[in-house]
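Undergrad: Got a sequence here, can you build the structure:
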Amino acid sequence: MTDLTSTSLLDKVKFPADLRRLPESDLKTVAEEVRRATIDTVALTGGHLGSSLGVVELTVALHYVFDTPRDRIIWDVGHQAYPHKILTGRRDRMKTLRQGGGLSGFTKRAESEYDPFGAAHSSTSISAGLGMAVGRDLKGDNNAVIAVIGDGSLSAGMAYEAMNNAGALQSRLIVILNDNDMSIAPPTGAMSAYLARLSSGQAFLKLRDVGKALAAHLPRSVDRALTRAVEHARTYVTGGTLFEELGFYYVGPVDGHNLDHLLPILKNVRDADPGGPVLLHVVTQKGKGYGPAEAAADKYHGVNKFDVVTGAQIKPKANAPSFTKVFGQALAKEGAKDDRIVAITAAMPSGTGVDIFEHVFPDRTFDVGIAEQHAVTFAAGLATEGLKPFCAIYSSFLQRAYDQVMHDVSLQSLPVRFAIDRAGLVGADGPTHAGSFDVAYLGCLPNMVIMAAADEADLVHMVATCVAYDAGPIALRYPRGDGFGVEMPQEGVPLEIGKGRIMREGKGSGEKVAILSLGARLHEALSAADQLEAQGASVTVADARFAKPLDVELLRQLASTNSILITVEEGSIGGFGSFVMQQLAEDGFLDNGLKARAMVLPDVYLDQDSPAKLYAKAGLDADGIVAKVLGLLGKTATAKTA
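TA: A predicted model of the protein is given here:
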């Protein structure tokens, strides 16, 4: 009877070289043990479960057949690389996954030589792999380069740009299409595997070469007709005509969970030379081998900690709804009043709250796939027709569509509404997903209005503001996670564009200090004010609400009635604080003794940790604000938040 808890074979594998010393007959057991180790890890840490479980056999086969790390494996996105990490010297650290000081949830060059390219955004693997392949050729090396890309990532134009270039360059590159959701051509058991094995083998390729040599003696028109007929006949049986037209030699589809099929085909792909890039089509199942994940692949794509036996996720008890949920609900309410409102998401309907709107208005919701550039220009097109598009994209993902935001939206003053989720630091997903730069990269664009919600109630009003604003593009940013438990309005009321608000007036006769906050750091600013007033300062706190346009009247009021002015934001240098300092300098306040400082995220990429710890490290919590003010007062910070 099989011991379902044993990892006796996996215990022998610290690195892929150890795996390659095992007989092939042991690999199925190794894969089972890797799958259990992956489930046990994510149950403790949370993370991307379904996609990692879907590539267990593929990962084992790749490291068995190829000479890693000399042969390069690039995992697109990288969230399916947990089995890869287990097999590449990091198994003993897997319980630190996505934790402060621990392993990244994605591939990371600084973490291991087995991670030749860092990833977390999709559709980069083929471009990076082609660069490595060309670099290899220029150096005269002969190692293999393998890019593993999921079918979802093929919805991004960058993947096709790379394939088009690879087909033209004809460098030796292996692309593995991990078809784990939408099967382009489903595998049909033994016959499919046989055809893939046959067409990937050296004998078939030699026969093809003989045919080419023979065709060289025929008239060119006949040669081309025969060649196209043979290739189309092969790809008609196996699928893959599109990839052949892009210059790839297509092999597949093959069952990605059947090692008896995978191993010989990978060996053929490794050893044969079709004279250019190869695409191997592998069909897998997200969540494979874990019942709850198989039954609900979407819910188990990214999970919290969970009970291994039942699959029930262990979610911390929320005191308030998440910002994402509040946005979705507010948008749905506004959609009921205005049928011109439409919602667009780039493959993240639940992550952005658009699924809530979609549930009520499916015909006015558009998921364009992992294609942020297209999403933005698609929204611009909708805006030209008088509709009110809400383009809901994570802050760090919107970076990928910056040219479209500038050229297709801002330059034409089109009223596209950008709902920017994950503003600020995001915790376990780390620097690749942190929304650090959107205020800086949007704020330099003419015609752009930028709002930041201080709490979930403010978010509702800002959604209504977006609906009401038709003069040009407008952006609304809000953080990941739960709100603050404030009283919620029944419906949103449009805000006056470019107007902030005073949240508390300074009391007493001590040194006068103003804290001007943008976004969800407002609550930390108010806490800091309590501490500072306990030490004798008189502290006014204001909520800017708008990074652009600035509330110049409010800013001048604060600058003229206080000796110290601090701005606080959960964004990078070059954002709101820079806008404020520019205005203060223009108005002459910096020449007249005002001590002004901008508190922003440090000019480094912060690795994953809990948001609270990250903000403390960045100095953007209440204690950090207190320390900054006391430093300007020539005092030492002694107070600590409870």
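Undergrad: C-alpha only now, for contacts and for neighbours.
TA: Noted.
Undergrad: which other helices and strands contact the strand or helix carrying Q582?
TA: Taking DSSP states H and E as the definition, Q582 sits inside helix 576-587. Contacts defined by 3 or more C-alpha pairs under 8 Å, 6 or more residues apart in numbering; DSSP states H and E place helix 576-587 against strand 546-548, helix 552-561, strand 564-569, strand 595-599.
Undergrad: residues of the second one that come out buried?
TA: Counting neighbours by 16 or more other C-alpha atoms under 10 Å, one finds that the buried residues in helix 552-561 are 552, 554-555, 558-559.
Undergrad: Poorly predicted segments of the stretch 51-200 of the chain, please.
TA: Within the stretch 51-200 of the chain, the stretches with pLDDT under 70 are 151, 181-200.
Undergrad: rewinding a little: and the angle from the helix holding Q582 to strand 595-599?
TA: Counting by axes from the mean of the first three to the mean of the last three C-alpha atoms, to 10 degrees, helix 576-587 points 160 degrees away from the direction of strand 595-599.
Undergrad: quick one, strands of the stretch 151-300 of the chain?
TA: 174-179, 249-255, 278-283 (DSSP state E, counting those that start in this stretch).
Undergrad: nearest to A110, of those?
TA: Closest to A110 of those is strand 174-179 (C-alpha to C-alpha; 23.9 Å).
Undergrad: Name every strand pairing with the closest one and say which way it goes.
TA: strand 145-150 (parallel), strand 278-283 (parallel) (DSSP bridges).
Undergrad: ok so, going back, with mean pLDDT and distance to G78 as new columns, can the helices and strands packed on helix 576-587 be given to me in a markdown table?
TA: Shown next, in a markdown table, are the helices and strands packed on helix 576-587 (pLDDT from 0 to 100; distance: least, C-alpha to C-alpha, whole Å):
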| stretch | mean pLDDT | distance to G78 |
| --- | --- | --- |
| strand 546-548 | 98 | 34 |
| helix 552-561 | 98 | 44 |
| strand 564-569 | 98 | 30 |
| strand 595-599 | 97 | 33 |
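Undergrad: Quick one: residues contacting the most centrally placed residue in the chain.
TA: Nearest to the mean C-alpha position of the chain, by C-alpha atoms, centre = their mean, lies H121 at 4.6 Å. H121 is in contact with 76-77, 397, 432, counting by C-alpha atoms under 8 Å, 6 or more residues apart in numbering.
Undergrad: Buried among these? Need that as a selection in ChimeraX.
TA: With 16+ other C-alpha under 10 Å as the criterion, this ChimeraX line picks the buried residues out of these:
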select :76,77,397,432
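Undergrad: For the strands paired with strand 174-179, give me JSON lines that also has distance to A293 and mean neighbour count.
TA: Converted to JSON lines, the strands paired with strand 174-179 look like this (distance: least, C-alpha to C-alpha, whole Å; neighbours: other C-alpha atoms under 10 Å):
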{"stretch": "strand 145-150", "distance to A293": "18", "mean neighbour count": "25"}
{"stretch": "strand 278-283", "distance to A293": "17", "mean neighbour count": "26"}
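Undergrad: what's the closest of those to S436?
TA: Comparing the strands paired with strand 174-179 by C-alpha to C-alpha, strand 145-150 comes nearest, at 27.0 Å.
Undergrad: hmm, back to that, could you dump the strands of the stretch 151-300 of the chain into CSV with distance to I515 added?
TA: As requested, those are arranged in CSV below (distance: least, C-alpha to C-alpha, whole Å):
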stretch, distance to I515
strand 174-179, 51
strand 249-255, 60
strand 278-283, 56
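Undergrad: Could you dump the strands paired with strand 174-179 into JSON lines and include distance to G593?
TA: Shown next, in JSON lines, are the strands paired with strand 174-179 (distance: least, C-alpha to C-alpha, whole Å):
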{"stretch": "strand 145-150", "distance to G593": "57"}
{"stretch": "strand 278-283", "distance to G593": "66"}
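Undergrad: So for E24, which of the ones you listed sits nearest?
TA: Nearest to E24, of the strands paired with strand 174-179 and by C-alpha to C-alpha, is strand 278-283 at 19.7 Å.
Undergrad: List the contacts of the closest one.
TA: By C-alpha under 8 Å, 6+ apart, strand 278-283 touches 172-180, 183, 186-187, 243, 248-256, 269.
Undergrad: Quick one: buried ones out of the residues you listed?
TA: Buried, going by 16+ other C-alpha under 10 Å: 172-180, 186-187, 243, 248-256, 269, out of those.
Undergrad: Look at T96 and say how many residues are nearby.
TA: T96 has 16 neighbours, counted by other C-alpha atoms under 10 Å.
Undergrad: That one - nearest residue in space that isn't next to it in sequence?
TA: Take T96 and drop its neighbours on the chain: the residue closest to it by C-alpha to C-alpha, 6 or more residues apart in numbering is G102, 4.5 Å away.
Undergrad: next one: G167
TA: G247 (3.9 Å).
Undergrad: so how many other residues sit close to that neighbour?
TA: G247, neighbours per other C-alpha under 10 Å, totals 21.
Undergrad: Contacts only, for it.
TA: 163-164, 166-168, 170, 276-277.
Undergrad: let's go with 10 Å and repeat that
TA: 163-170, 241, 276-279 (C-alpha atoms under 10 Å, 6 or more residues apart in numbering).
Undergrad: And for R480?
TA: R480 touches 322-324, 351-352, 394, 421-427, 434-435, 611, counting by C-alpha under 10 Å, 6+ apart.
Undergrad: List the contacts of M163.
TA: Contacts for M163 (C-alpha under 10 Å, 6+ apart) come out as 126-127, 130, 157, 169, 175, 243, 246-248, 277, 279.
Undergrad: run the last query once more with 6 Å
TA: If a contact means C-alpha atoms under 6 Å, 6 or more residues apart in numbering, then M163 has no contacts.
Undergrad: Kindly provide the distance from it to L584.
TA: 50 Å (C-alpha to C-alpha, to the nearest Å).
Undergrad: To what extent is R422 buried, counted in neighbours?
TA: By the criterion of other C-alpha under 10 Å, R422 has 25 neighbours.
Undergrad: Next, find the distance separating it from A383.
TA: 24 Å.
Undergrad: swap in Q373?
TA: 16 Å.
Undergrad: Neighbour count for these two, which is higher?
TA: A383 (24 against 20).
Undergrad: List the buried residues for the helix or strand where the more buried one lies?
TA: In this structure, A383 sits in helix 372-384 according to DSSP H and E. Neighbour counts over helix 372-384 (16+ other C-alpha under 10 Å) mark 372-383 as buried.
Undergrad: Need the contact partners of that helix.
TA: So helix 372-384 is contacted by 346, 389, 401, 409 (C-alpha under 6 Å, 6+ apart).
Undergrad: Can you give me the neighbour number for the third one?
TA: Counted with other C-alpha under 10 Å, the burial measure for A401 works out to 16 neighbours.
Undergrad: now swap in the first one and tell me
TA: The number of residues packed near A346 is 25, by other C-alpha under 10 Å.
Undergrad: ditto for the last one
TA: By other C-alpha under 10 Å, 23 other residues sit near V409.
Undergrad: That one and I356: what is the separation?
TA: Distance from V409 to I356, by C-alpha to C-alpha: 26 Å.
Undergrad: Kindly report the same for the third one.
TA: Here the criterion is C-alpha to C-alpha. By it, A401 lies 24 Å from I356.
Undergrad: Ok, the second one next?
TA: Distance, P389 to I356, by C-alpha to C-alpha: 16 Å.
Undergrad: picking that back up, these two touch, right, the residue nearest to T96 and M94?
TA: No. Using C-alpha atoms under 6 Å, G102 is not in contact with M94; the gap is 8.2 Å.
Undergrad: quick one, which of those two is more surrounded?
TA: M94 (24 against 16).
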